[in-house]
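S.K.: Just need the structure, nothing else, for what follows:
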Amino acid sequence: MAPGDFPRKPATGIKVIIVGAGFAGISAAIECDRKGHTPIILEKAQEIEEITKFGDIISFDPNGARHFERWPGVIQAMQKVARQTTWLDLYHWKGDFITRQSFEGEKKWGPRINGHRGELYSIIYKHALDRGVEVRLGQRVTDYFEDEKEAGVVVNGERMVADVVIAAEGVRSRGRKIVLGFDDKPKSSGYAVYRSWFSGDAIKDHPMLKHLVAQDSHCGFIGPDLHFLVSSLKGGQEFNWVFTHVDDGNIEESWQFPGKVEDCLKYVEGWAPIVTEIVKSTPKSGRLIDHKLVFRDPLPTFISPKSRIALIGDAAHPFLPTSIQGASQSIEDGVVLATCLELAGKKRADLALRCYEGIRYKRVHAAQATGIKTREKWHKANWDNVQENPEAIHLTREAWLLNHDVEADAYEQWQNVSAILTNNPRAKL
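M.R.: Sure, this is the predicted structure:
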């Protein structure tokens, strides 16, 4: 399809600067384009491969993935490379099988997409370019500013302005300073994640592991203050493992760096032989990273004092991996913000940002809490209770979170939320 062939709402005249071309930023740009706005993405990477080469597995639950169905060709392309499992097998850390959690019943809520982060991102990025979204690479944003009529950034030493600015460059976003009024530094969450991704060929002949790549698979081993997840996709052609563990590392120095197999083995010493064999089988050519999970205190607001700059995605609300919601919530942010801008119009863009916050704030924080809930039920599992009730360690899957269409909800809530915030701009919904 040519850029002009994509379905979009009438032009609003609203210019939107989006800082950061990750999942949050690129999705927000697509949604802005769908709603008739003019987005421009500023990305510090010199080449988009700097984004696509990273990553392991990423998941989009129905509340996030449903929006890919509205972007022509995207969901179809994703499903071709996504993991095909509809279950999760859970084991005791010593190796005993405990329970299988099925996700079949969730199909009525919408699609689930699980796949390689870089590969899925490339599909979305290509769609944005096909739509004609302008992406400027090599753009280093060093400051944000605003007044009552517009907002802007200092990029590569020059000022650039728009009607609104969306800060989508992650947990270290410079946009947080203008929103909060001070520099806040990330703190260690007390946990870190080892992540590895490599070809299934590395283990296809291993007598203990070959069943993991005979077809797509998904399983987890649950132990004291550690959980170890394994999956394969593309019929076992690609394989990945990841485990979350207690960590006291200094995230001020680095929050992601190469991991070492020998360090990983220390954490799973005494675990089931299959777990240690998975780690030992990681080829030197396979990507292994140690990713520190950063923590931020809940923000009092997602928007700037003059309501011209908004935080989205990890810049606003970093999620724990156990929530399986970080990516989906970043998609929801962009959808709601673009919808509010459409409904408010160019002259009331500041109201749009206040409504975005009003619609998103409570839902985001409730979603964040699910990650802590799952981590605690796994890392502090009472195995006597689990033996009586294996479903006690199932992932928490709730309709209020997963069976939700934020676009429809934003259109429905707009009149009430905008009326409240027009009368009382400082109201907290």
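
S.K.: C-alpha only now, for contacts and for neighbours.
M.R.: OK.

S.K.: Go ahead and confirm Lys377 touches Thr396.
M.R.: No. Contact criterion C-alpha atoms under 8 Å: Lys377 and Thr396 do not qualify, at 9.7 Å.

S.K.: For the helix or strand of the chain at the bottom of the mean pLDDT ranking, name the packing helices and strands.
M.R.: Using mean pLDDT, DSSP states H and E, the weakest-scoring helix or strand in the chain turns out to be strand 256-258, at a mean of 77. On a contact count with 3 or more C-alpha pairs under 8 Å, 6 or more residues apart in numbering; DSSP states H and E, strand 256-258 meets strand 287-295.

S.K.: average pLDDT for the strand it packs on?
M.R.: Per-residue pLDDT over strand 287-295 has a mean of 81.

S.K.: Which residues does it contact?
M.R.: The contact list for strand 287-295, computed with C-alpha atoms under 8 Å, 6 or more residues apart in numbering, reads 171, 186-198, 247, 249, 251, 255-260, 318, 320.

S.K.: and stretch 343-355, how far apart are its ends?
M.R.: 10 Å (C-alpha to C-alpha, to the nearest Å).

S.K.: For it, buried residues please.
M.R.: Neighbour-count burial for stretch 343-355 flags Leu343, Ala344, Gly345, Lys346, Ala349, Asp350, Leu351, Ala352, Leu353, Arg354, Cys355 (criterion: 16 or more other C-alpha atoms under 10 Å).

S.K.: Stretch 235-250 too?
M.R.: So, applying 16+ other C-alpha under 10 Å, buried residues of stretch 235-250: Gly235, Gly236, Gln237, Glu238, Phe239, Asn240, Trp241, Val242, Phe243, Thr244, His245, Gly249.

S.K.: what residues are up against Thr276?
M.R.: Counting by C-alpha under 8 Å, 6+ apart, Thr276 has contacts Leu265, Val268, Glu269.

S.K.: Make JSON lines out of the residues you listed and add distance to Gly110 and pLDDT.
M.R.: Below are the contacts of Thr276 laid out as JSON lines (distance: C-alpha to C-alpha, whole Å; pLDDT from 0 to 100):
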{"residue": "Leu265", "distance to Gly110": "38", "pLDDT": "96"}
{"residue": "Val268", "distance to Gly110": "36", "pLDDT": "96"}
{"residue": "Glu269", "distance to Gly110": "40", "pLDDT": "95"}
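
S.K.: can you pick the most crowded of these?
M.R.: Counting neighbours by other C-alpha atoms under 10 Å, Val268 leads the contacts of Thr276 with 20 neighbours.

S.K.: And for that residue, nearest residue in space, chain neighbours not counted?
M.R.: Thr276 (6.6 Å; C-alpha to C-alpha, 6 or more residues apart in numbering).

S.K.: coming back round to it: show me the buried residues of stretch 343-355 that map onto helices.
M.R.: The helices in this structure, assigned by DSSP state H, contain Leu343, Ala344, Ala349, Asp350, Leu351, Ala352, Leu353, Arg354, Cys355 from those.

S.K.: Just give me how far stretch 146-166 sits from the chain centre.
M.R.: 26 Å (C-alpha atoms, centre = their mean, to the nearest Å).

S.K.: residues of that stretch that come out buried?
M.R.: Those buried within stretch 146-166 under the rule 16+ other C-alpha under 10 Å are 146, 149-155, 161-166.

S.K.: Convert that stretch to CSV, retaining C-alpha atoms only.
M.R.: C-alpha atoms of stretch 146-166 as CSV (Å, rounded to 0.1, in the frame of the first residue of the first chain):
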residue,chain,number,x,y,z
GLU,A,146,7.0,24.2,26.7
ASP,A,147,4.7,27.2,27.0
GLU,A,148,0.9,27.5,26.9
LYS,A,149,0.7,27.1,23.2
GLU,A,150,3.4,24.6,22.2
ALA,A,151,6.2,22.3,23.3
GLY,A,152,9.5,21.4,21.9
VAL,A,153,12.9,19.8,22.4
VAL,A,154,16.5,20.6,21.9
VAL,A,155,17.8,18.1,19.4
ASN,A,156,21.4,18.0,18.2
GLY,A,157,21.8,21.5,19.7
GLU,A,158,18.8,23.1,17.9
ARG,A,159,15.3,23.9,19.1
MET,A,160,12.3,22.1,17.5
VAL,A,161,8.7,22.8,18.3
ALA,A,162,5.3,21.1,17.9
ASP,A,163,1.8,21.2,19.4
VAL,A,164,2.8,18.4,21.8
VAL,A,165,5.8,16.3,22.6
ILE,A,166,5.7,12.6,23.6
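
S.K.: Show residues contacting it.
M.R.: Contact partners of stretch 146-166, identified using C-alpha under 8 Å, 6+ apart, comprise 14-19, 25, 139-145, 306, 308-312, 346, 349-350.

S.K.: That one - what's its average pLDDT?
M.R.: On average, stretch 146-166 scores 97.

S.K.: Surely Thr370 is within a strand?
M.R.: No. Going by DSSP: H, G, I helix; E, B strand; the rest coil, the assignment for Thr370 is helix, not a strand.

S.K.: Hmm, it is touching Gly326, no?
M.R.: No. Using C-alpha under 8 Å, Thr370 makes no contact with Gly326, being 10.9 Å away.

S.K.: Those two: which is more packed in?
M.R.: It is Gly326, of Thr370 and Gly326, that has more neighbours when counted by other C-alpha under 10 Å, with 26 against 22.

S.K.: show me what contacts the more buried one?
M.R.: Gly313, Asp314, Pro318, Phe319, Leu320.
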